[in-house]
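>>> Provided below are the primary sequence and the corresponding predicted coordinates.
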Amino acid sequence: SVTQRGLNFKHIRDACDSALKRLRVEYLDMYFCHRPDFHTPVEETVRAMDVLVKQGKILYWGTSEWSADRIREAYSIAYQYGLTPPSMEQPQYNMFHRSKLEKEYLGLFSSEGLGTTIWSPLASGILTWKYKESIPKGSRMILPDYKFLRDGLESKQGAENIKKIIKLSKIADKLGISMAQLSIAWCLKNKNVSSVILGASKLSQLKENLDSIKSYDLITDEPSKSPNLAGFVENRHDQAIWTLLCLKHKVKIFGFHFASLDIRQDSRVHKQVFDEIFSHPKINDYVKGLPKNFNQLESAERHRVLT
């Protein structure tokens, strides 16, 4: 039946009642609209959720993988008619999938205080480093229903991601933590991440993932203050060289994310680090070797020069 799927009033109400019965509880703390429904007006969905809140069946409601514009529409309708707005969004977020949380939703975080409970922090297991050589037996990627994951891993982009993981694994080794723990802690360090959804098929995996919280303080905004980086960043000049490498390869590590390739006039660079980059003779030599018109080059050409 058309009313037994999607985000129409009847399905939202019936699904909630069924969940309460299955869980044997009197109310749900959070009720998610899992994926947008383009066949149902957003106003109908917002009104349905408001009714459930007023009935005491749910405390809060949220969205999952909605666009920022659609979420804004839900807020606008709620404010216009005195209804309950959404309070959470459930987007995919990990080192390889960052656009929605780091770009698209930024306005909602500041204007509405939107929270997030992110899923796939390990990029379907790719960031655990278990696929570095081949797909292991027992992995879900060998199952027919997950062929799309295997196709992604074996694609050109998948090969590029493996190269990135090789570099990231060296950082995890220096910190004395696993790639899974580095990846989850990295997600938690984003101030706009309220919670991280974990998935595990073994008790050992669950324990490893939960221990990520112990790695939280190892990832800081200042590379030199990361406690287990002794020998990796031995002094501040080494830090400057390392920072330039981050810049060169457009890597976000310990808070340094240089999206721009203009290394002379990038306002994102902390002034102290910026000064240190150019205080080292090796860096000066590197910069002097760049074309005089470097800043005027197109992004693609600047990328070619740097890499």
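Thanks, I have it.
>>> tell me where the stretch 101-250 of the chain has strands.
For the stretch 101-250 of the chain, applying DSSP state E, counting those that start in this stretch gives strands covering 115-118, 195-196.
>>> which one of these is the most hemmed in?
strand 115-118 (a mean of 21; mean count of other C-beta atoms under 10 Å). The C-beta positions use only the backbone N, C-alpha and C, and glycine is treated the same way.
>>> show me what that one is packed up against.
If you count contacts as 3 or more C-beta pairs under 8 Å, 6 or more residues apart in numbering; DSSP states H and E, strand 115-118 packs onto strand 88-89, strand 195-196.
>>> lowest-confidence stretch among these?
For those, the weakest mean pLDDT is recorded on strand 195-196, namely a mean of 94.
>>> got the contact list for that one?
Under the contact criterion C-beta atoms under 8 Å, 6 or more residues apart in numbering, strand 195-196 has outside partners 116-118, 121, 184, 187-188.
>>> go on, stretch 80-90?
Taking C-beta under 8 Å, 6+ apart as the rule, stretch 80-90 contacts 30, 32-34, 46-47, 49-50, 53-54, 60-66, 71, 74-75, 77-79, 105, 108, 112, 114-119, 194, 197.
>>> again, 6 Å this time
32, 46, 50, 53, 60-64, 74-75, 78, 114-117 (C-beta atoms under 6 Å, 6 or more residues apart in numbering).
>>> kindly report the same for stretch 112-131.
75, 88-90, 92-94, 96, 108, 136, 149, 165, 169, 179-180, 183-184, 187, 193-197.
>>> show me which of the residues you listed are buried.
Buried subset of the contacts of stretch 112-131 (neighbour count, 16 or more other C-beta atoms under 10 Å): 75, 88-90, 92-94, 96, 108, 149, 165, 169, 179-180, 183-184, 187, 193, 196.
>>> for Thr3, see how far away the closest residue in space to Gly6 that isn't next to it in sequence is.
Excluding the flanking residues, the one nearest Gly6 by C-beta to C-beta, 6 or more residues apart in numbering is Asp37, at 4.0 Å. Using C-beta to C-beta, to the nearest Å, Asp37 is found at 12 Å from Thr3.
>>> next: Ile58.
20 Å.
>>> so who does the closest residue to Glu104 other than its chain neighbours touch?
Spatial nearest neighbour of Glu104, excluding adjacent residues (C-beta to C-beta, 6+ apart): Ala68 at 4.7 Å. Shown in contact with Ala68 (C-beta under 6 Å, 6+ apart): 104-105, 108.
>>> where's the nearest residue to Ile177 once chain neighbours are set aside relative to Lys207, distance?
Spatial nearest neighbour of Ile177, excluding adjacent residues (C-beta to C-beta, 6+ apart): Ser215 at 4.7 Å. Noted for Ser215: a distance of 13 Å to Lys207, by C-beta to C-beta.
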